[in-house]
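need a 3D model of the following:
(chains A, B, C and D, ligands or ions: 5)
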Amino acid sequence: ASGDVVVAVTGQTINSLDIHRTGTNRPSYQVAVNVYDRLVSFGTKTLADGSLSYDYSVIEPEVAESWEFADDGMAIVFKLRPEGKFQDGSPITAADVKWSFDRAVSVGGFPTVQMKAGSLEKPEQFEAVDDLTFKINLLRKSKLTLPDLAVPVPMIINSKVALANATEEDPWAMEYLHKTPAGSGAFKVAAWKPGEQLVYERNDDWTSGPLPAVKRVVLREVPSPATRRALLERGDVNMSFNMPNKDAKELSDLDGITVATTPIENSIYCLCPNLAFEPFKDKRVRQAIAFAVPYDEVFQTAAYGRGAPMWGGENATPTDISWPQKFPYSTDLEKAKALLEEAGYGDGFEVPLSISQSQADWMEPTALLIQENLAKIGITATIEKVPGANWRTASLVEKRLPLHLETFGGWLNYPCYYFFWAYLEGHLFNSSNYRNEEIEALTAETLHMSVEDPDYAPKIKRMIEIVWDEVPRIALWQPALNVGTHDVSGYEYWFHRQLDVRGLKKA
Amino acid sequence: MTDSAQDLSPQTTTDGPLAHMVYVLRSNPVTLLAFAMFLVLIVAALFGPSLVAYDPLASNASRALQPPSWDHLFGTDNLGRDVFSRVIVATRLDLAISIAAVALSFVIGSVLGAIAGYWGGWLDAVLNRLFDTIMAFPLFVLAMGIVAALGNTVENIVYATAVINIPFYARLVRAEVNIRRDSGFALAAKLSGNSDLRVLALHIYPNALPPMMVQVSLNLGWAILNAAGLSFIGMGVRPPTAEWGIMVAEGANFIVSGEWWLAFFPGFALMFAVFTFNLLGDGLRDMVDPRQRT
Amino acid sequence: MLPDRLLTIGLRVAQALPVIFGVIVVSFILTRALPGDPAVYFAGAAADEASIAEVRSALGLDKSLPAQFWIYLTDLASGDLGQSISTGQSVASDLATRLPASLELTLISLVLSCSIAIPLGILAATRPGSAVDHLCRVLVTAGVSLPTFFTGVVLIYVFYYLLGIAPSPLGRLDFVYIEPDQVTGFYLIDAAIAGDWETWTGSLKQLVLPAITLALFTLAPLARMTRAAMLSALSSDYVRTARAAGLTEEKVLSTYAFRNALLPVVTTLGMVFSFTLGANVLVEKVFAWPGIGSYAVEALVVSDYAAVQGFVLAMALLFVALNLVIDLTYTMIDPRIGFQTK
Amino acid sequence: MLSIEKLKVSFQTRRGEVQAVRGVSLNVDKGEILGIVGESGSGKSVTSYALMHLLDKGGSITGGALSYGGLDLKNAKESAMRDLRGREISMIFQNPRAALNPIRKVGHQIEDVLRRHAKATRFTARAEAIKALEAVRIHDAEARYHAYPFELSGGMCQRVVIAIALACDPKLLIADEPTTGLDITTQKAVMDLISELIAERGMSALVITHDLGLGAQYCDRIVVMKDGEVVEEGAPEQLFVAPKHAYTRKLVDATPRAGAEVRSLLPKSKRTPMPQFHPSGTPLLEVRDLVKTYQGKFGPVHAVKGISFDVQKGQSVGLVGESGCGKSTTSSMLVRLDDPTSGVIRFNGEDLAQTPAQSFARDPRRASIQMVFQDATDSFNPRHTARQSISEPLARLAKMDRTQRRARVAELSDLVGLPQPLLDRFPHQLSGGQKARVGIARAIALNPEFLVLDEPTAALDVSIQAVVLNLLVDLRAKLGVSYLFVSHDLHVVRLLCDHVVVMKDGEIIEQGPTAQVMDTPSHPYTRALLSAAPKPPTLTRPTFSAA
Ligand SMILES: Nc1ncnc2c1ncn2[C@@H]1O[C@H](COP(=O)(O)OP(=O)(O)OP(=O)(O)O)[C@@H](O)[C@H]1O
Ligand SMILES: Nc1ncnc2c1ncn2[C@@H]1O[C@H](COP(=O)(O)OP(=O)(O)OP(=O)(O)O)[C@@H](O)[C@H]1O
Ligand SMILES: NC(=[NH2+])NCCC[C@H](N)C(=O)O
Ligand SMILES: [Mg+2]
Ligand SMILES: [Mg+2]
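Ligands and ions are numbered 1, 2, ... in the order given. Here you go, the predicted structure:
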């Protein structure tokens, strides 16, 4: 690849250019990042290993120049950059922002849910005061609101273009924006063939940040991981996004290839016993399983040691509120057996261990090793591969898998946010059907509470202590995102785990 | 009156099927080879589990991804399982899948094909359209669809493989039955008081068997490949069961990183089996059709 | 004479109609039997009850099955194959871009395979039982015994990764080339039309490895059928007559034996073609080929009803068309067709 | 011109070497037509292939000498032979339709040969080919030039084959059973044509046949072969009048001819007195207005168009007519394997047509109406032994147990003269004559009242045919069965039948007592049929007459 063109490969398909659309898959979110801007963004920091990461603690202006909270704290007023321009040259106005936010909270599905996380729920909350002033009226004071404005969803759409292509049945121009982005971002989409490739071309008139260094980014879809590895290794591509752990481990020693491995924030790979099923109603059975997992083997075999261990914690009570942190379990079959005896399951039992076909890369070896160890304490687990299409329905919506592997990572990096999704009864990622009155109450209290609040840390610690003891989710490890580069620098890790091409530079 | 009787009947009496087989095997080294290979497969399938040194399911993270050595003839996989043991033990399952699938399609295809070929008319037309419909599907994708819809268990893989093969048998039987439907011996059987069903089942159908045997042996190979293909796209049998297709599919990802043995040995076993069945088909054809010989 | 043949062809087309209807019904049932709830799947991560219900009604999945089938049929009648949810495009446009990719690959591989298999089969048939015959048999059988996905990976490893002589397995065209304007969807043809020979060679290079992979697999049925058909043609009375009349061996082989052997070979070719087209999903995965096979697999995995149905229907139509072409070819090769009772 | 000296040909087969020809010597002189007759497998074809160097794989000339016009054919190179074939020596084969490339226009096939031997250029080829077609008396040659073999009748195909063979004016024509498989009338036309052309062009010919009558009629000299050797040679009359070799005598005797009787077909030593038998005169079967119309692809095919005739108890009725006239269709309706479109089949006064063929297998009258099939080989299940085949009706219809069946089968095989050890053989292990006997044994196993014989001897050698015909005569006398004997050979019918029915195009054109129809045929078609049969030289020696 020559000059200022960067070629990247990924295994996944980008199926839409509009993150608000129903059916838009996760890999497509990067279009929202690269082609659209938001009011605000996060800062950038350098991690210990020298790689770049976004900085959750810093909110930076993007389309907005500045913002301030109303005196009662129940509104935020944003001042837009006067020079702000969409890719078609028209100015970015507060009306565009309002239309975009109205769209996000109205179309339903994922964008609406994500907006809600930041307490952004109704169009009435959004107000275009004048061309360059945009006001959000808050429903409640929440620490989540501002960071939630920096996630990909509240992107700012050129409402004039969109409206020109809207119809009666399609007031939000879903059809049009799905294939034709209308943003102000650093890159334009020059070509898009789903299943093949996406080509970004630099927007030379980008107004929301410094001009990117590369002119073109070609993102090729190569389904076979082995082929992706070969391509990077031979230097035919500049970047392999989301590499398998094994390749990351082996290629990181290679000259000319840099592998950035970043533990994914607020994310844990878990083994979940489902409390709706008999043996797992007993806490001791769950603990027994937690003691039976061959953590180290699993971590080495399934993750090739990439990521962070989440087992072997020293204390039964947390000393800080960092999340995720090591659970106080490690492999101890004696203890596991004893606990099972105590619970009256000394003779073991049979249980299906479900994994998702589409995440078989890590789930399968993990499940196999767990299965083997469970056999040692008398539990006969049969591995049940659930088709990808069925996985969400079975595990998260119907929550009917007795014992399964699960992963959840919160975009907003707070423990309470994780708890909100993963430990509250009925909430989507609580696939264990766990319910604990204290957790319910504590989560509700902490969710919007400021981190600085002196009550915050003790409450969080208490929450962590409870879920450590009751283990409805047995933490295995914190996964990492691997990105291999060759002749390219400036790769930055983002919580959304999508490729941000804006900072890339050819070496 | 017995003049021409004896001398007109040549020495063919000594030429029993066994003698013929021996002859074909002896004169065609490739077929002999195929039969020898077939024997190897059968032995591995019957005694596989007692032939191997390691538990094919036992993992050992500390000896993962070791290249072939005297300890592990075919090396170990990413979970530290012995590839040799897994390859040998998988023989039984792979053969079972293909044999069960072929048996199923053989039986169903035979019945439907015989009915269509013998009675003809609207029944034939309907059945033919049915077979056409199955054939009009991209067969591999149909198999995938069936497995996806029913769930990926061994039985469902067998059913899916059987369904896509039914038309091949049905058409073959139909053609064979059809050419014999009005043959002299079928009519003679009717004159002897056989009902249509008896004529079909006892007189016509058995004569369609030899060409079917060829199809069977070829299809055994197809069935194994089919199951392997399903595994490759993640619709194969359940882990940790050892099955060649899965092993190749998973091992394929390790080739580029240099751990070639993961895919190579099961791939070789797969090829060995399919190769055997295909060669066997040719050999059987030679046995059935002496015209092909000089 | 001509009306007779037209009648035969018309009859063939008429026979295809119930088949196509059958395919429509079966594919509809099959997709509904797929596990998983597309509404849940496509509502996306973090979607709640309400939004799932919303998606469900947007997809028309809240209606009864007969109602859904009726809607599907009426849409079909107006030429609408529906919308693929996973690619976000209309199924028709997906097929239009992906079918040529698969067809191009399949055709090239068949051309390759024929140009090897047919001479090989003829060679074997002229020397049955010889070492050459055995060697051919072993070689082509070996080819068909290799799972295509395995062959593909090995070829990439050897020719791209180790030797570096093959181009990067990046699909139909390396990124340094500019895609030709779509006319037929076949890059080789489109590039030739555009006169862009650089792209032409570029796309040809990309075709080599996957085409070889597929060709290896299709060698056996073709070579075997050629051999068998040639053997029976060569032992026929008319070949003996031709020889007795002193015709040269080339003439006997080409005009007398091979032309007659062509019929079963064409039938086999047709079968191999439709089989390969359906089965090259495995090769497409390995070579990142944006073809119809991988499209189908992905659609199937996520229960993308419209895409699966559209794919199956397209393939069925192709199959029917293919058979028609074969029948026409037959009519061209064999003057008897249309006169005999079948 | 052609001389073959002690030719030996053998084949390498899996059971060792087969000596197909063991020292054949013969000469063909200029302008002569030499006939080779002999039983099946005696090496007639192999001899001719050997001299054309067209032997199958594995065959080779192992001894003797072959020369043609002074040229040593035995050691000739393939290239030399290719030049010779077609130009000097050409060959025509039996089954003309198969001898033509089915997918090439006949005109082009002739052109191929002309062009190859430089008898025509690209520009003259067409005209030359048409000329060649005209030479073999094909009408409208211009149009036939474009015809494909399937568009021509068997006789026309044979003419085309002859045209190909003669295209390059060869000096020697080898005809290997040129008329087998053809209709009796066509056969005559083709043989007449060949002999005419040969005379016209002053060629020599080697005509291979197993029909001594045919050979005698057309050849100047005849060679008789048996087991790979020449056993006798001479002028036709001489062979017929004074056959020296026993085998020749057997052949001569077995050849059906005017004036012969069924017993006289057998070799003298085998002749037994003719049994006496007189039909009773009460009708067994009355066929009235029988019609069969098939639903063909292009409109209805009227196979049988309303025929009526009677068969008396104990009578033997001959049904004759050329290929495709509806004989088999009629017989299969009579034996209730097929339902007539309309009409009455009264059997012992009851209408059989009322019971559909489908359910006739369970009808009590099933056992009394049986059939012997045209093609014996085809009529046996290849997987059943002769014993199983004969037992089948006994088990199914007579419900006999094992031992009863064994006894009955033994009895039957004695009756038809089939050696017991042969009963455990499979059909492919039996000769044609043996198969015919098994077929008859099966048909009479249940003592039927009425037996249809659909050309039971069509696939047989004359000598075996003689045996079978005599067997049938004996059986009728013993069992009192009535026969419907289907054939296209009037000579054969005369030997066996009391009454003859002549069919043409699905209709009966003439019927009556055998002698009357044969001696004073009233319909021209009957006359044509009669005259088409080969006429061997009349014998001067006294024929055997019934006691
Ligand atoms: N390819 C062959 N391999 C082995 N034996 C053969 C082969 N061809 C012919 N023979 C043998 O040679 C002998 C002579 O056969 P040939 O065909 O010359 O007989 P024929 O006199 O022409 O008989 P018919 O009247 O049946 O045509 C037979 O016994 C036959 O079995
Ligand atoms: N099933 C059928 N469908 C259509 N036409 C048929 C069918 N069977 C026979 N025919 C036609 O009926 C006519 C009489 O056929 P049949 O077999 O009775 O003749 P045949 O006198 O026995 O001739 P051969 O001497 O050749 O045996 C033929 O023209 C044949 O083509
Ligand atoms: N089991 C199957 N997949 N059968 C497909 C058969 C394909 C066909 N025999 C071919 O040559 O391509
Ligand atoms: Mg012969
Ligand atoms: Mg007949």
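
and after the helix or strand containing residue C:10, which helix or strand comes next?
Using DSSP states H and E, residue C:10 sits within helix C:2-33. Next in sequence after helix C:2-33, counting helices and strands by DSSP H and E, comes helix C:38-43.

anything in whatever helix or strand comes next after that next one near chain A?
The C-terminal neighbour of helix C:38-43 among helices and strands, as given by DSSP H and E, is helix C:49-58. Yes - applying Cβ under 8 Å from any Cβ of the partner chain, one finds helix C:49-58 in contact with chain A at C:50, C:51, C:52, C:54, C:55, C:58. No exception for glycine: its C-beta is placed from N, CA and C like everyone else's.

packing partners for helix C:49-58?
Helices and strands in packing contact with helix C:49-58 are listed as helix A:110-117, helix C:38-43; criterion 3 or more Cβ pairs under 8 Å, 6 or more residues apart in numbering or on different chains; DSSP states H and E.

all the helices of the stretch 401-507 of chain A, residue numbers only.
A:415-422, A:437-447, A:456-470 (DSSP state H, counting those that start in this stretch).

and those helices as CSV, adding distance to residue B:192, mean neighbour count and mean pLDDT?
Formatted as CSV, these follow (distance: least, Cβ to Cβ, whole Å; neighbours: other Cβ atoms under 10 Å in any protein chain shown; pLDDT from 0 to 100):
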stretch, distance to residue B:192, mean neighbour count, mean pLDDT
helix A:415-422, 78, 23, 94
helix A:437-447, 85, 17, 95
helix A:456-470, 81, 18, 95
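
alpha carbons only: can I get stretch D:223-230 in CSV?
Taking C-alpha atoms only, stretch D:223-230 is exported to CSV below (Å, rounded to 0.1, in the frame of the first residue of the first chain):
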residue,chain,number,x,y,z
VAL,D,223,-17.1,-72.2,-46.7
VAL,D,224,-18.5,-73.9,-43.6
MET,D,225,-16.8,-73.1,-40.3
LYS,D,226,-17.1,-74.8,-37.0
ASP,D,227,-15.0,-74.2,-33.9
GLY,D,228,-12.5,-72.0,-35.6
GLU,D,229,-11.9,-74.3,-38.5
VAL,D,230,-13.1,-74.8,-42.0
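
is that stretch anywhere near chain B?
No - using Cβ under 8 Å from any Cβ, stretch D:223-230 stays clear of chain B, coming no nearer than 9.0 Å.

strands of the stretch 201-350 of chain A, residue ranges please.
A:216-221, A:239-241, A:257-263, A:267-273, A:308-309, A:350-356 (DSSP state E, counting those that start in this stretch).

just send the helices and strands packed on helix C:49-58 back as JSON lines, with distance to residue A:177 too.
Converted to JSON lines, these look like this (distance: least, Cβ to Cβ, whole Å):
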{"stretch": "helix A:110-117", "distance to residue A:177": "12"}
{"stretch": "helix C:38-43", "distance to residue A:177": "17"}
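
wait, which of those helices is closest to residue D:354?
For these, the distance to residue D:354 is smallest for helix C:38-43, at 62.8 Å, taking Cβ to Cβ.

got the residues of chain C near chain D?
Checking chain C against chain D by Cβ under 8 Å from any Cβ, the hits are C:4, C:128, C:236-238, C:240-248, C:251, C:255-256, C:259-260, C:333-336, C:339-341.

what does the model give residue B:121 for pLDDT?
Note for residue B:121: predicted pLDDT of 84.

distance-wise, check it relative to residue D:86.
Using Cβ to Cβ, to the nearest Å, residue B:121 is found at 50 Å from residue D:86.

who has more neighbours, those two?
Applying other Cβ atoms under 10 Å in any protein chain shown to residue B:121 and residue D:86 shows that residue D:86 carries more neighbours, namely 30 against 8.

quick one: check the helix holding residue C:10 for contact with chain B.
Yes - shown here: helix C:2-33 in contact with chain B (Cβ under 8 Å from any Cβ) through C:15, C:16, C:18, C:19, C:20, C:22, C:23, C:26, C:27, C:30, C:31, C:33.

please enumerate the helices of the stretch 1-150 of chain B.
So, for the stretch 1-150 of chain B - with DSSP H, counting those that start in this stretch - the helices run B:3-8, B:17-27, B:29-51, B:83-119, B:121-136, B:139-150.

which among the residues of chain C next to chain D count as buried?
Buried by 16 or more other Cβ atoms under 10 Å in any protein chain shown: C:128, C:236-238, C:240-247, C:251, C:255-256, C:259-260, C:333-335, C:339, out of the residues of chain C next to chain D.

could you tell me the angle between the one helix or strand residue C:263 maps to and helix B:139-150?
Residue C:263 is located in helix C:259-279, with elements delineated by DSSP H and E. Here the directions of helix C:259-279 and helix B:139-150 differ by 30 degrees (axes from the mean of the first three to the mean of the last three Cα atoms, to 10 degrees).

cool, thanks, signing off.
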